[in-house]
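Trainee: Sequence first, then the predicted structure, then my questions.
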Amino acid sequence: MARSSATNAPRLIGPRLLGPRAHPLYPALLPIPIICFLGALLTDLAYIASAQMMWLDFSSWLLLAGLVGGGLAGALLIVELVRARDRRALSAHFVFLLAAWIVEVFNSFIHGRDGWTAVVPTGLFLSMLATVLALIAGWFWQSATRRSAEIV
């Protein structure tokens, strides 16, 4: 009796965040906090250079967008961490993404101040720290997906 090729195909139990059969939602959400946190840093620098309130408003809006996008991405990542058999590939990525998100929550409170004290010096430092953490999280994500693709 001949076996059909459908029975030999690997079964995908649910959407996965890693590997060639990854669910596309998380990789689509991950760049949002990274880009928004980097944009907030750049608009903070523009505010310092010009002292125009427009740049402070842009920073606040970018922080909000990054926090919302990062929160959605983080929720999906928590679900994947619960479901994953091998959590080592995702755990470093999760820690850095969570750290960047927490730093930006505090940064959004700092940016709620009026004028110069909203950015200098604390807001700028927190923007730099969160941008570095978010870029490291993105690097760990790339490492995890490459390692997962090599294993599968």
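Mentor: Happy to help now that I have it. Residues are numbered from 1 along each chain as shown.
Trainee: hey, let's count contacts and neighbours off CA atoms from now on
Mentor: Noted.
Trainee: Tell me the buried residues in the helix or strand that contains D57?
Mentor: Assigned by DSSP states H and E, D57 belongs to helix 53-83. Residues of helix 53-83 classed as buried: 55-74, 77, 80-81 (neighbour count, 16 or more other Cα atoms under 10 Å).
Trainee: got it, and stretch 120-134?
Mentor: In terms of neighbour count (16+ other Cα under 10 Å), stretch 120-134 has its buried residues at 120, 123-124, 126-134.
Trainee: next one: stretch 93-108
Mentor: 93-94, 96-101, 103-105, 107-108.
Trainee: what about A46, how many neighbours?
Mentor: 16 (other Cα atoms under 10 Å).
Trainee: Can you tell me the closest non-neighbouring residue to it?
Mentor: W55 (6.4 Å; Cα to Cα, 6 or more residues apart in numbering).
Trainee: okay but that neighbour is in contact with L42, surely?
Mentor: No - judged on Cα atoms under 8 Å, W55 makes no contact with L42 at a distance of 9.1 Å.
Trainee: Fine by me, we can end here.
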